[in-house]
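[1] next input, structure requested:
(one chain, ligands or ions: 2)
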Amino acid sequence: MSAQKDDVVLRRATDASWLPLALKHFDEVLIDHAHCEKKAAANALSLLQAYPEVKGLPAQMARLAREESAHLAKVLQIMEKRGLVLGKDLGDPYAQGLQKVMRHPSHHRRLDRFLVAGIIESRSHERLQLLADGLTDAPLKRFYEELAKSEDGHQRLFLRLAREVAQEDEVQGRLGELLEVEAKLIETLPVRVAIH
Ligand SMILES: [Fe+2]
Ligand SMILES: [Fe+2]
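    Residues are numbered from 1 along each chain as shown. Ligands and ions are numbered 1, 2, ... in the order given. Predicted coordinates:
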């Protein structure tokens, strides 16, 4: 899908070495993917808990948590068929790098949480689409196609929420800063056998 005005548009594409590595170690990527969906569901409920005052947010985050939980359940089902177990979440330097630059005063933090969530969704969309294009197993390919489309909708949802709490120039200004940080992370972090 081509980028629209309402999209979180990433500034740096994933390194070409990522997809072959991810396909070669697909089982490990699946396990990391399950952790990502779990964190996305948890983050939706955490945002609902923190910002019930934002127009439309409670219902949207309730639906998002349900959708991300459904993604998680499906990934767990695929893992089970392959004899894989989830194990402990070892953390993700990419998401941690973005969390580190989120500001603390509450008004700024709220905007940053929406924008960072949108950026992570946008990167997830890119990576899941790469997997969909690279996988040869038809049901898996379809599954990743579907998920990529869904994450694309989520980046747009978070950008809309950002616009509920800040003026357009503030949204675009801060989004630009965070996209620069994200591009630097993509450039400098080692390519991992993981979604990010
Ligand atoms: Fe998801
Ligand atoms: Fe998502």
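[2] hey, let's count contacts and neighbours off CA atoms from now on
    OK.
[3] dump the residue contacts of residue 19.
    Residues near residue 19 by CA atoms under 8 Å, 6 or more residues apart in numbering: 130, 131, 134.
[4] next one: the residue of the chain most remote from its centre from residue 77, what distance?
    The outermost residue of the chain, judged against the average C-alpha position, is residue 83 (25.7 Å), by CA atoms, centre = their mean. Distance, residue 83 to residue 77, by CA to CA, to the nearest Å: 10 Å.
[5] about what we covered before: buried ones only from the contacts of residue 19, please, as a ChimeraX command.
    Paste this into ChimeraX to select the buried members of the contacts of residue 19, with burial taken from 16 or more other CA atoms under 10 Å:
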select :130,131
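[6] what about the residue nearest the centre of the chain, helix or strand, and which?
    Ranked by distance to the mean C-alpha position of the chain (CA atoms, centre = their mean), the top residue is residue 121 at 2.9 Å. If you go by DSSP states H and E, residue 121 is part of helix 106-134.
[7] about what we covered before: isn't the residue nearest to the centre of the chain up against residue 152?
    Yes - if you go by CA atoms under 8 Å, residue 121 and residue 152 touch, sitting 6.8 Å apart.
[8] got any ranges where the protein has weak pLDDT?
    By pLDDT under 70, the low-scoring segments of the chain are 1-5.
[9] so where do the helices sit in it?
    For the chain, the helices defined by DSSP state H cover 18-24, 26-50, 57-81, 93-100, 106-134, 138-165, 168-188.
[10] which one, of these, ends up nearest to residue 194?
    Shortest separation from residue 194 across those is recorded for helix 26-50, at 4.7 Å, computed as CA to CA.
[11] from the contacts of residue 19, which is closest to residue 38?
    Ranked by distance to residue 38 (CA to CA), those are led by residue 131 at 19.1 Å.
[12] other SSEs contacting the helix holding residue 121?
    Helices and strands touching helix 106-134, by 3 or more CA pairs under 8 Å, 6 or more residues apart in numbering; DSSP states H and E, are helix 18-24, helix 93-100, helix 138-165, helix 168-188.
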